[in-house]
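K.L.:
Here is the input, now give the coordinates:
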Amino acid sequence: MTLALTVLTTTDSAEKAEELARGAVEARLAACAQISGPVTSVYHWKNAIETSQEWQVFFKTTEACYDALEAHLVAAHDYDTPEIIAMPVVQGSTGYLAWLRQETSAK
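P.N.:
Below is the predicted model:
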């Protein structure tokens with residue numbers, strides 16, 4: 001069985017988040033993407049502690065699509081070092097996981 005993943009990235013506007021989400025879903029690199037925000041991020045960047053408002057995008061995909069999704073996000077993202085992390089889905093409903101696999105294998 002193909003491992004399901006949730007892949008997370010962040011960006012600095014709702015419009016950019018929707019562009020990233022729509023591009024990945026249209027390319028069938030993710031079955032869906034959910035946008036949350038704004039969230040407050042606190043992080044080290046260039047020897048300073050920064051605080052900014054960001055929008056999170058959660059992509060629902062498979063392990064088989066991860067490399068292509070990461071490449072797509074790196075190319076489409078305007079951050080120097082975008083957050084792109086993947087978390088395995090350890091359990092899920094049979095129907096949802098079948099749908100996820102179907103939607104990402106239709107490339």
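K.L.:
ok now stretch 33-43, how far from the chain's centre?
P.N.:
Centroid separation between stretch 33-43 and its chain, computed with Cα atoms, centre = their mean, to the nearest Å, is 12 Å.
K.L.:
Would you mark the buried spots in that stretch?
P.N.:
Ala33, Gly37 (16 or more other Cβ atoms under 10 Å). The C-beta positions use only the backbone N, C-alpha and C, and glycine is treated the same way.
K.L.:
ok, residues contacting it?
P.N.:
10, 14, 17-18, 20-22, 24-25, 49-60 (Cβ atoms under 8 Å, 6 or more residues apart in numbering).
K.L.:
again, only this time at 10 Å
P.N.:
6-14, 17-18, 20-25, 49-61, 83 (Cβ atoms under 10 Å, 6 or more residues apart in numbering).
K.L.:
quick one: strands adjacent to the host helix or strand of Ile49?
P.N.:
According to DSSP states H and E, Ile49 maps onto strand 48-62. Paired strands of strand 48-62, with direction, are strand 4-11 (antiparallel), strand 32-45 (antiparallel) (DSSP bridges).
K.L.:
any weak-confidence spans in the protein?
P.N.:
1, 106-107 (pLDDT under 70).
K.L.:
what residues does stretch 64-82 touch?
P.N.:
2-3, 5, 7, 9-13, 16, 19-20, 23-24, 27-31, 45-46, 54, 57, 59, 61-62, 83-86, 100-101, 104-105, 107.
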